[in-house]
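Q: Whatever this is, show me its structure:
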Amino acid sequence: MTTTVTSPSGRALHHRATRTTTPREDAETKAVRIKLSKEQRLAENKEYLKNANVQAFLKAIADAEGGGYDFKYGAIKGKRKDPWRFTDYSTHPGTGYDGVTTAAGMYQINKGTWQDHGGNRMGAN
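A: This is a model prediction of the structure:
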């Protein structure tokens, strides 16, 4: 028994399967694909940063987050000897003043996002 599905415009939609099974791949192939994806993402990001609108958008985010590249969550701009600043990227990102969140840096990126994007291998010097 087949059910006819129609689009909002009234056209009948037909399912056309291209594969009946999920292809399997070994772990090495997947690791290579992930690495290429990160390298491609870095190259794309470098291109995006050449765009004046992208630069303005990032500046707006940074201003809203109120931080600098060395800020953990809770740091205050202009405060001297702020305990919520970091100087060593090997400990970045770490927990902020609430002891829970790992948001840090100019854009308050959390640990999961930082690791997903390769940490300081993504172009930070």
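
Q: Just list the residues touching residue 82, thanks.
A: Shown in contact with residue 82 (CB atoms under 8 Å, 6 or more residues apart in numbering): 75, 76. In short, each C-beta sits where N, CA and C put it, glycine included.

Q: Distance of it relative to residue 74?
A: For residue 82, the distance to residue 74 equals 9 Å [CB to CB, to the nearest Å].

Q: same question, residue 117
A: 23 Å.

Q: So which of those two has more stuff around it?
A: residue 74 (18 against 15; other CB atoms under 10 Å).

Q: which residues sit in contact with the more buried one?
A: By CB under 8 Å, 6+ apart, the neighbours of residue 74 are 84, 96, 97, 98.

Q: So what does the residue nearest the centre of the chain have for phi and psi?
A: In the chain, the C-alpha nearest the mean C-alpha coordinate belongs to residue 113, at 4.8 Å (CA atoms, centre = their mean). In terms of degrees, to the nearest 10, the main-chain angles of residue 113 are phi -70, psi -40.
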